[in-house]
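Colleague: Structure for this input, please:
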Amino acid sequence: MSETMQGMRIGIDVGGTFTDFLVVNPDGSHLVHKTSSVPSDPSRAVVQGLREIADLRGESVEKLLAETGTIVHGTTVTTNALLTRRGATTGLLTTDGFRDVLPMRDGTREEAYNNRLTAPEPLVPRYLRLPVHGRLDHEGDVVEDLDLDDVRGAAETFRREGVEAVAISFMHSHANPAHEDAAAAALAEALPDVYVTRSSELLPQLRYYDRTSTAVLNSYAGPIISRYLTGLTDTLTEAGFAGILLLMQSNGGVATPAELARRAALSLLSGPASGPTAGLLEVEPHGWDRCLTVDMGGTSFDAAVVNDGQPLVMTDGTIDRWRIALPMVDIHTIGAGGGSIARVDDGGILRVGPESAGAVPGPACYGRGGDRATVTDADVLLGYIDASSFMAGGVPLDAAASHEAMERDVARPLGLDVTAAAAGVYDLVNVSMAAGVQSITVRRGLDPRDFPIVVAGGAGPVHAAAIATELEIPVLVTPRQSSIFCASGMLVCDFKHDYVQSVSTTLGDADLDRLTRIWREMAGSGRETLHGEGIGDPSISYEPSLDMRYAGQWFEINVPVDEVSITSPDRQQLAELFHAQHDVLFGYRDESQQVEVLNIRMTAVGATPRPALDTAELGAELVDDPQIGERPIWSPQQRRMVPGRVLDGHRMAPGARLSGPAVIELGTTSIVVLDEYDVVVDARGSFVLYLRERAHELTDRLSLDRETVAL
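Modeller: All right, here's what the predicted structure looks like:
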C-alpha cells in the first residue's frame, strides 16, 4: 500500500450544496475544485467533478485516475438516508419481553421540561421487531437456552416482508455473544442475502437501549452504503482507477470500503469528521496544540474542538434523535449555511434556517430557480461577496435577485431598508453559530477564548470574524484551501479502529491482569485489521482508555491513559487521571468516593503518509500590491457601509499584512476582515486574522515584529 499511496492523492467531500475536491501531486503541487452536488445520487457529482478536473489538467479522466494512487472520500449517503427515512427495510431480533426497547428508549426525557415532546417513530416498525426466547444474566451465564425455532420463524416473517437488513440485540450479549452468534448463523442460512448486525460484535458494552439503537442504525445504513460503495468502486475501476479507495469514518479515521460496509454506522458523520485533524495542522506551526474548527457550507455549520493535540470524541452521540454509542468526533451541527433561508414569522420575528435552499434551487442570486432570501443573498448585498467573482467567476451571481428577495421576505415585513435587513440576517446567523461553538466547549469545561479558530467552508471565512468577535476570540486561521477544508483534511487522516468491552467493577477491585489481557486482545484485533488494510507494524500505535465514574453517578467519562498502561496499569495513576478530568468537566473532585470502571476501550491507529502542499507555488503570481479594487462593505462595528479594500488572496505572499476593513478574494471563498482586525499570511500561505488591540500578545507567536510587510 505504501508505494501506491505515494502517487497522486485526491480528497473528495460530498456536501449538501457542493462536492469538494483537492488533488495533490507527488511533488506537492495541488488543484482545488468544487462542483455542484447531486442529492439524488451523490456519486454523479463525484464522477462529474473528476471529469472536470481532468479537463482542467488537459487530460482524460482515465489518465487522471491511472495516475492516482489514493482517493479518500467522505460521504453523506447514509446520513441523508436516515434523515429522509429512506434507509433499508430493517428487522430487529430482541430478547422476549423487550420488543419495545426502541420506542421506550432509555427511560429518560430528552428535554426534561417539555411535556409535549414525543419520541421519533422507530426505524423498525413493531411488526418487524420480533422477540426471541432465550436469556442470559448480567455475567453472561445462560438462564434460558436460545429458541432457534423463534429465530427461524422470524426469518420467515422477514422474508415475507422484504426485509433487507436485520439487527440482533439480546439482553446482556455484551457479556456472552453465544446467543447472538447462533441467531446470526441461523439467519445467514435462511436469508443469505440479508445484511446482519450483531450488537455484541459491533458494540459489546453495557446499556441495552444504546446497544440496540446503534445496531439498528448500522443495519438501517448497511445496505445503503454497501450499494453506494460497490457502484462507486465499479465506476472508478471502469474508468481506470487501480489505486486505493478509502472512506472517512465518524471517528476521524479512514477505513477501506469493506471495513466501513461492515460498520456502516461509522459513515453517518463521515464528511465533517476530518476537519479537526486538518485544523490542528494549521495551528501547530504557531505553537498551539488546540483549536476550534468551524465549517460553514451551503447547508449547515459544523463546530468541533481539538484539545491537547487530539480531536474530542464522544460515545453517547445522537443522529436525528437516535442514540449512536460508537466513538465519533464530537461535532456540533446546526442548520446555518449560505443557503439558510431568512424569513419573518407570524409574530414578526426574523428567523434564519434551519430550512435551506441547498444546491437546487439554491439562493435567489444563483439564478437556478430559487427565489427566497438566504444568507448568501445577504452576503452579496453587504458587499462581502462580489457577484462577478463568486466561484472564480464560474457561477456569476444575480445581485438584483438578492435585492428583490431580501426586500420581499425580510425588509418589507420588518419595515427596514434592504441593507439593514441583510445586516439583520448576517447578525442573526452569526449569533446562532457562536452559540453552537459555546455549546461544544462550555459543556466540556473549556473556555472558547483559549482556542484559536480554524475557519473552513465556502461561507465560513465570510462570517468567521463576526463569530470570533461574539466569542471574544482574538485569533482566526483561514487556510488557503478553506472552501475544501474537509477534503484536504481527509488526506491527512490516519486509519483508526475502535474497540470496547464492558467490565463493570470498581477501580479498587479491578483485576489488573484481566484489564491488560483485554487491552492486548483489542490491540491484537486492531493490528490484524490494520494489516489487512496494508499498514505495517512500524506505523501502528494504540490509544487505550477507560470509561469511569464515581459510584452512583448516571453518566461516565472517558479517560485516556498512556500506552504503557497496556502492560503495567497503576491503580493510583488511573484514579488521579479520572479525578483530574472530572474536576475539569464538573468543577469538583472527591477522592473519598469509589471510582467505577464500566468500559475498557482501545483505538488502534495506522499512520498514513501526509502529503505536504507545496508552499513554493504560493510565489508564482505574487505582487507587491495585490489590491484589485475597492467597494462598499458592511461594518458591524459602525453599523453602516464603509469603503473596503478588495485584494486577490492568491497574490498575497507569506509575510504580507493588512488592516481591515477589507475583503480577500480566493475564488472559492471570500475572507472578510472586519474593522478591528489585521491579517497576516503565514508560511503555509494561510491567512491569520487577529484583533489589532491584542497584537502585542501575539507578536512572537505570529512573528508580527520582523517578518511581515504591511500592504
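Colleague: Give me the domain ranges for the protein.
Modeller: 4-82+226-267, 88-216, 495-606, 615-710 (automatic domain parsing).
Colleague: Deepest in the core, which of these is it.
Modeller: domain 4-82+226-267 (a mean of 20; mean count of other CB atoms under 10 Å). Yep, even glycine has a C-beta here, placed from its N, CA and C like the rest.
Colleague: Now do that domain, average pLDDT.
Modeller: Domain 4-82+226-267 carries an average pLDDT of 87.
Colleague: where does that domain sit relative to the chain's centre, distance-wise?
Modeller: 17 Å (CA atoms, centre = their mean, to the nearest Å).
Colleague: try stretch 189-202
Modeller: From the chain centre to the centre of stretch 189-202 is a distance of 28 Å (CA atoms, centre = their mean).
Colleague: CA-only coordinates of that stretch, as CSV, when you get a sec.
Modeller: C-alpha atoms of stretch 189-202 as CSV (Å, rounded to 0.1, in the frame of the first residue of the first chain):
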residue,chain,number,x,y,z
GLU,A,189,-28.7,-19.9,6.4
ALA,A,190,-32.3,-18.8,5.9
LEU,A,191,-31.6,-15.3,4.5
PRO,A,192,-28.1,-15.4,2.9
ASP,A,193,-28.5,-12.0,1.1
VAL,A,194,-29.7,-10.1,4.2
TYR,A,195,-27.3,-7.6,5.9
VAL,A,196,-27.0,-8.7,9.6
THR,A,197,-25.6,-6.7,12.6
ARG,A,198,-24.8,-8.4,15.9
SER,A,199,-24.8,-5.9,18.7
SER,A,200,-22.3,-8.0,20.6
GLU,A,201,-19.8,-7.8,17.7
LEU,A,202,-20.5,-4.1,16.8
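Colleague: ranges for the strands of the stretch 351-500 of the chain?
Modeller: 453-456, 475-478, 495-506 (DSSP state E, counting those that start in this stretch).
Colleague: I misspoke; the intended subject was the stretch 1-150 of the chain.
Modeller: Remark: strands assigned in the stretch 1-150 of the chain by DSSP E, counting those that start in this stretch are 8-14, 18-24, 30-36, 68-74, 90-95, 129-132, 135-136, 142-144.
Colleague: got those strands as CSV, with distance to residue 377 columns?
Modeller: Listed next are the strands of the stretch 1-150 of the chain as CSV, based on distance: least, CB to CB, whole Å:
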stretch, distance to residue 377
strand 8-14, 24
strand 18-24, 17
strand 30-36, 18
strand 68-74, 28
strand 90-95, 41
strand 129-132, 46
strand 135-136, 59
strand 142-144, 63
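Colleague: do you know which of those strands lies nearest residue 583?
Modeller: Residue 583 lies closest to strand 68-74 among the strands of the stretch 1-150 of the chain, at 35.9 Å (CB to CB).
Colleague: Could you name the helices and strands sitting against the closest one?
Modeller: Here strand 68-74 touches strand 8-14, strand 244-248, helix 485-490, going by 3 or more CB pairs under 8 Å, 6 or more residues apart in numbering; DSSP states H and E.
Colleague: so what's the spatially most central residue of the chain up against?
Modeller: For the chain, the residue nearest the mean C-alpha position is residue 272 (2.6 Å; CA atoms, centre = their mean). With contact set as CB atoms under 8 Å, 6 or more residues apart in numbering, residue 272 has these partners: 74, 295, 302, 304, 329, 331, 333, 486.
Colleague: Could you tell me how many residues sit around the nearest residue to residue 79 once chain neighbours are set aside?
Modeller: By the measure of CB to CB, 6 or more residues apart in numbering, the closest residue to residue 79 outside its immediate chain neighbours is residue 268, 5.5 Å from it. Using other CB atoms under 10 Å, residue 268 has 29 other residues around it.
Colleague: Tell me, what's the model's pLDDT at the closest residue to residue 360 other than its chain neighbours?
Modeller: Of all residues beyond its chain neighbours, the one nearest residue 360 is residue 368 (6.2 Å), with distances taken as CB to CB, 6+ apart. Looking at residue 368, its pLDDT is 83.
Colleague: neighbours around residue 368, how many?
Modeller: Residue 368 is flanked by 14 other residues according to other CB under 10 Å.
Colleague: for it, what are its contacts?
Modeller: For residue 368, counting by CB under 8 Å, 6+ apart, the contacting residues are 360-362.
Colleague: thinking again about what came up before, would you list the helices and strands packed on strand 68-74 in JSON lines and tack on distance to residue 539?
Modeller: Listed next are the helices and strands packed on strand 68-74 as JSON lines, based on distance: least, CB to CB, whole Å:
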{"stretch": "strand 8-14", "distance to residue 539": "17"}
{"stretch": "strand 244-248", "distance to residue 539": "14"}
{"stretch": "helix 485-490", "distance to residue 539": "18"}
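Colleague: Now do the SS call for residue 642.
Modeller: When classified by DSSP: H, G, I helix; E, B strand; the rest coil, residue 642 comes out as strand.
Colleague: For it, which non-adjacent residue is spatially closest?
Modeller: Computed as CB to CB, 6+ apart, the closest residue to residue 642 that is not its neighbour in sequence is residue 635, at 4.5 Å.
Colleague: That neighbour contacts residue 641, doesn't it?
Modeller: Yes - the criterion here is CB atoms under 8 Å, and residue 635 meets it with residue 641 at 7.3 Å.
Colleague: tell me which of the contacts of residue 272 is nearest to residue 541?
Modeller: When the contacts of residue 272 are compared against residue 541 (criterion: CB to CB), the nearest one is residue 329, at 18.1 Å.
Colleague: does that closest one really touch residue 310, like I thought?
Modeller: No - with contact defined as CB under 8 Å, residue 329 does not count as touching residue 310 (10.1 Å).
Colleague: Looking at these two, which has the bigger crowd around it?
Modeller: A direct count of neighbours by other CB under 10 Å for residue 329 and residue 310 places residue 329 higher, at 27 against 16.
Colleague: right, and the strands of the stretch 1-150 of the chain - which one's nearest residue 558?
Modeller: Minimum separation from residue 558 across those (CB to CB) falls at strand 68-74, 24.3 Å.
Colleague: what lines up beside that closest one in the sheet?
Modeller: strand 8-14 (parallel), strand 244-248 (parallel) (DSSP bridges).
Colleague: Once you drop chain neighbours, what's closest to residue 294?
Modeller: Nearest to residue 294 is residue 303, by CB to CB, 6+ apart, at 5.2 Å.
Colleague: secondary structure class for the one you found?
Modeller: Assignment for residue 303 (three-state DSSP): strand.
Colleague: Pretty sure it sits against residue 437.
Modeller: Yes - with contact defined as CB under 8 Å, residue 303 counts as touching residue 437 (4.8 Å).
Colleague: what helix or strand does residue 608 sit in?
Modeller: Residue 608 is part of no helix or strand, with elements assigned from DSSP states H and E.
Colleague: now residue 548
Modeller: Secondary structure assignment for residue 548, by DSSP H and E: strand 540-550.
Colleague: quick one: the following helix or strand past that strand to chain centroid distance?
Modeller: For strand 540-550, the following helix or strand on the C-terminal side (DSSP H and E) is strand 557-560. Between the centre of strand 557-560 and the centre of its chain there are 21 Å (CA atoms, centre = their mean).
Colleague: list the helices and strands strand 557-560 packs on?
Modeller: Packing contacts for strand 557-560, counted by 3+ CB pairs under 8 Å, 6+ apart, involve strand 540-550, helix 571-586.
Colleague: go with 10 Å
Modeller: Here strand 557-560 touches strand 313-314, strand 540-550, helix 571-586, strand 595-606, going by 3 or more CB pairs under 10 Å, 6 or more residues apart in numbering; DSSP states H and E.
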